[in-house]
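Undergrad: Next comes the sequence, and after it the predicted model I'd like to discuss.
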Amino acid sequence: MSQVEREFLEFDVVIVGAGASGLAAACRLMKQANEVGHEMSVCVVEKGSEVGAHTLSGAILEPRALEELFPDWAERRAPLTVPAKRDEVYLLQDAQKAVKLPNALVPPSMHNTGGDITRYVISAGNLCRWLAEQAEDLGVEVFPGFAAQEVLVDDGGVVRGIVTGDMGVDADGEPMDGYTPGLELRAKYTLFAEGARGHLGKRLIETFDLAKGKDPQHYGIGLKELWDVPADQHEPGLVLHGSGWPLDKHTHGGWFLYHADNSQVVVGLILDLAYQNPWLSPFDEFQRLKHHPVLARHLQGGKRVSYGARAIAKGGLNCLPKMTFPGGLLIGCDAGTLNFAKIKGLHTAMKSGLVAAETVFEALSKGDTGGSELAAFEDKWQSSWAYAELDKSRNFGPAIHKYGTVAGGAYNFLDQLVGGKLPRVHDTRPDHARLLKAEECEKIDYPRPDGVLSFDKLSSVFLSNTNHEENQPCHLRLKDPELPIRENLPDFAEPAQRYCPAGVYEVLEDADGQPRFQINFQNCVHCKTCDIKDPAQNITWVAPQGGGPNYPNM
């Protein structure tokens, strides 16, 4: 337990993160309790200034889990207003040419129209805002602006809740006027739903050895922009996906462009963080991608209104850790439940939250006083449709890593045709270990942004509404402050300058002409890429004292 004298609040269940999985769990818990008149206290803490402020996703929603949670979601005015109506999939051959793939050659997982499920182009942030309203109506306490900074673990190794971050601490860690120590939020059970590479989830996986026997988790970085476009070139429900240019054969990824409502288009690139070339910049790859005619025709004449970036846990079932430990559960993307074969994770994240809520409620309603390891969760989870879906697509990511985009794509196409029954493929090399030395790779000369379709990092960060008070502790911790210049600069040309999509990391010269490593943490959009891709694993992302992006309609 923490040695600092703190005030505390006690709940039956504390949920860390007001994303889709955490809010789904909160709603399901209270619905069950209310239905049988069982008194229950549930608290959701969210580090964003408001629910949805830090939520970023494509997103095409399969409403299967939502329908289980709220069968009357339409009457409740859930923000699902644009059904996916038409699919187009492209292979970009170069900066001008592309091949449109016929439906017969598109893997079944990439089809968003047809069949018995209606999918919707949505804002994940708006979905979470709506879910938070439903949760509060049911009696859940939702606390935005409170970052979970530590896990409360008792002497017996049982998770007993979390500690929120101290407020009013200066850059040197000293209390200022208005200093407020964080609260202990104690719980019988704590659910961690922080999203991909959650900083507490990461510690829990290490502490309880939850990844034993699993492949290392693999990640992508997702970059996204929201555009207002002329009404005469807007087609609500049009869904485009593609791959190829500008990525080379050693760099895997794909792009999306969705026509949403209100004459808005969302466009983005998901770039696999297993890339090899340290000269590569995901941000600049995204900016030049938008100049391809296939994408440009949807954006020309429009105005970019928002920008963001976020890591995606894309390893799939092979990388999914054990999700239970004494006193709590890992759910959603904190564990890695995204189905990358579909480029969809909201529905599986929500389902993991529903299963968690049902397991916790079952235990508490029988008089459980908390602190147990909820072994029943694993059986329920592995019996769910979400687990079956992940099992069917378990080879998707590792096949592409192992065989390349073309051969891996062919393997996956066949695997999905036979229901995921081809031999299991593994990728046991972590993403950060993939970088080659700078001298072994070709330096990439990115074109200057034109300010029409492509833009620079700082103007993009401005559109993310990112803000951190300058006089607070840096939340990007270096285990060895000298390593970036001593090792990463000569070996990898210090790749943090390029893999960060927000201009946080720079190599500058001091007064003597010597290089120095600078961290502009105020720019951080909380994507976690640095925590994942640093070749020495020298950077640790922790929750800041406050701030971050504030995404509207993303």
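TA: Looks like it arrived, so ask away. Residues are numbered from 1 along each chain as shown.
Undergrad: where does the closest residue to residue 186 other than its chain neighbours fall, phi/psi-wise?
TA: In space, not counting the residues next to it along the chain, residue 186 is nearest to residue 161; the distance is 4.1 Å by CB to CB, 6 or more residues apart in numbering. (Each C-beta comes from the backbone N, C-alpha and C, glycine too.) Backbone dihedrals for residue 161, given as degrees, to the nearest 10, come out at phi 140, psi -160.
Undergrad: Quick check, residue 161 in contact with residue 192.
TA: No. Taking CB atoms under 8 Å as the definition, residue 161 is not a contact partner of residue 192, at 11.3 Å.
Undergrad: residues in contact with the residue nearest to residue 523 when sequence neighbours are not counted?
TA: Distances taken as CB to CB, 6+ apart put residue 502 closest to residue 523, at 4.5 Å, once the chain neighbours are dropped. For residue 502, the set of contacting residues under the criterion of CB atoms under 8 Å, 6 or more residues apart in numbering consists of 309, 457, 460-461, 464, 466, 523-525, 527.
Undergrad: and which of those is nearest to residue 56?
TA: The shortest approach to residue 56 among those belongs to residue 309, at 7.3 Å (CB to CB).
Undergrad: follow-up on the earlier one: got the contact list for the residue nearest to residue 186?
TA: 11, 14, 152, 184-187, 190.
Undergrad: mind redoing it with 10 Å?
TA: Contacts were defined as CB atoms under 10 Å, 6 or more residues apart in numbering; by that measure residue 161 touches 1, 8-11, 13-14, 16, 43, 148, 150-154, 183-190, 327-328, 370.
Undergrad: Could you give me the buried positions within the helix or strand encompassing residue 15?
TA: Applying DSSP states H and E as the criterion places residue 15 in strand 8-16. Buried positions in strand 8-16, judged by neighbour count with 16 or more other CB atoms under 10 Å: 9, 11-16.
Undergrad: Quick check: of those, which lies closest to residue 80?
TA: Of all these, residue 15 has the smallest distance to residue 80: 23.1 Å, by CB to CB.
Undergrad: doesn't residue 132 make contact with that closest one?
TA: No. Using CB atoms under 10 Å as the test, residue 15 is too far from residue 132 to be in contact (11.4 Å).
Undergrad: Mind listing the shared neighbours of the two?
TA: By CB under 10 Å, 6+ apart, residue 15 and residue 132 have these common neighbours: 22-23, 26, 44, 46, 140, 142.
Undergrad: ok so, going back, how about the CA coordinates for the strand holding residue 15, as CSV?
TA: Included here for strand 8-16 are C-alpha records, laid out as CSV according to Å, rounded to 0.1, in the frame of the first residue of the first chain:
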residue,chain,number,x,y,z
PHE,A,8,-10.0,7.2,0.6
LEU,A,9,-13.3,6.2,-0.9
GLU,A,10,-14.6,2.7,-1.0
PHE,A,11,-16.6,1.1,-3.8
ASP,A,12,-17.7,-2.4,-4.7
VAL,A,13,-16.0,-2.0,-8.1
VAL,A,14,-13.6,0.6,-9.5
ILE,A,15,-13.1,0.8,-13.3
VAL,A,16,-10.1,2.5,-14.7
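Undergrad: Mind jotting down where the strands sit in the stretch 251-400 of the chain?
TA: Using DSSP state E, counting those that start in this stretch, the strands found in the stretch 251-400 of the chain span residues 253-259, 264-272, 303-313, 324-325, 328-330.
Undergrad: For the second one, which strands pair with it and how are they oriented?
TA: In the sheet, strand 264-272 lines up against strand 219-228 (antiparallel), strand 253-259 (antiparallel) (DSSP bridges).
Undergrad: Same list (those strands) but as a markdown table, adding mean pLDDT, mean neighbour count and distance to residue 284.
TA: Formatted as a markdown table, the strands paired with strand 264-272 follow (pLDDT from 0 to 100; neighbours: other CB atoms under 10 Å; distance: least, CB to CB, whole Å):
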| stretch | mean pLDDT | mean neighbour count | distance to residue 284 |
| --- | --- | --- | --- |
| strand 219-228 | 98 | 24 | 10 |
| strand 253-259 | 97 | 23 | 13 |
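Undergrad: Spatially nearest residue to residue 62, not counting backbone neighbours?
TA: Spatially, and ignoring its direct neighbours in sequence, residue 62 is nearest to residue 347 (4.3 Å; CB to CB, 6+ apart).
Undergrad: State the number of residues packed around that neighbour.
TA: The burial metric for residue 347, expressed as a neighbour count using other CB atoms under 10 Å, is 27.
Undergrad: Please apply the same query to residue 94.
TA: For residue 94, the number of neighbouring residues by other CB under 10 Å comes to 10.
Undergrad: for the closest residue in space to it that isn't next to it in sequence, what are its contacts?
TA: Closest residue to residue 94 in three dimensions, ignoring its sequence neighbours and counting by CB to CB, 6+ apart: residue 245, at 5.4 Å. Counting by CB under 10 Å, 6+ apart, residue 245 makes contact with 91-98, 285, 288-289, 292, 294.
Undergrad: for residue 88, same thing?
TA: By CB under 10 Å, 6+ apart, residue 88 lies in contact with 100-101, 103, 106, 238-242, 257, 294.
Undergrad: Could you pull up phi and psi at it?
TA: Dihedral angles for residue 88 - degrees, to the nearest 10 - are phi -140, psi 130.
Undergrad: how close does it sit to residue 301?
TA: If you measure residue 88 against residue 301 using CB to CB, to the nearest Å, the figure is 20 Å.
Undergrad: Could you tell me which of the contacts of residue 88 count as buried?
TA: Among the contacts of residue 88, those classed as buried by 16+ other CB under 10 Å are 101, 238-242, 257, 294.
Undergrad: Of the residues you listed, which is the nearest to residue 485?
TA: Once CB to CB is applied, the member of the buried ones among the contacts of residue 88 that ends up nearest residue 485 is residue 242, at 38.8 Å.
Undergrad: Kindly state the pLDDT recorded for that closest one?
TA: Per-residue pLDDT puts residue 242 at 95.
Undergrad: Could you list the paired strands of the helix or strand in which it is found along with their orientation?
TA: With secondary structure defined by DSSP H and E, residue 242 is part of strand 238-244. Sheet partners assigned to strand 238-244 using DSSP bridges are listed as strand 86-92 (parallel), strand 253-259 (antiparallel).
Undergrad: Save those strands as CSV, and put in distance to residue 417 too.
TA: Putting the strands paired with strand 238-244 into CSV (distance: least, CB to CB, whole Å) gives the following:
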stretch, distance to residue 417
strand 86-92, 17
strand 253-259, 20
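Undergrad: Verify the stated contact: residue 30 with residue 42.
TA: Yes. Counting by CB under 10 Å, residue 30 sits close enough to residue 42 to count as a contact (5.9 Å).
Undergrad: quick one: common contacting residues for these two?
TA: Here residue 30 and residue 42 have 13, 135, 138-140, 357 as joint contacts, going by CB under 10 Å, 6+ apart.
Undergrad: biggest separation within those, which pair?
TA: Greatest spatial distance in those: 139 and 357, 13.8 Å, computed using CB to CB.
Undergrad: Looking only at neighbour counts, state which of these two leads.
TA: More neighbours surround residue 357 than the other of residue 139 and residue 357, with 27 against 16 (other CB under 10 Å).
Undergrad: contacting residues for the more buried one?
TA: Taking CB under 10 Å, 6+ apart, we find residue 357 in contact with 13, 15, 24-33, 42, 69, 191, 329, 331.
Undergrad: ok, 6 Å please
TA: 25, 28-29 (CB atoms under 6 Å, 6 or more residues apart in numbering).
Undergrad: Most neighbours out of those residues, which is it?
TA: Among those, residue 25 has more neighbours than the rest - 35 neighbours, counting by other CB under 10 Å.
Undergrad: mind listing the strands for the stretch 401-550 of the chain?
TA: Using DSSP E, counting those that start in this stretch, strands in the stretch 401-550 of the chain cover 476-478, 505-509, 515-519, 539-541.
Undergrad: what number of residues lie near residue 285?
TA: Residues lying near residue 285 (other CB under 10 Å) number 23.
Undergrad: what does the one 10 residues further on give?
TA: Using other CB under 10 Å, residue 295 is surrounded by 23 other residues.
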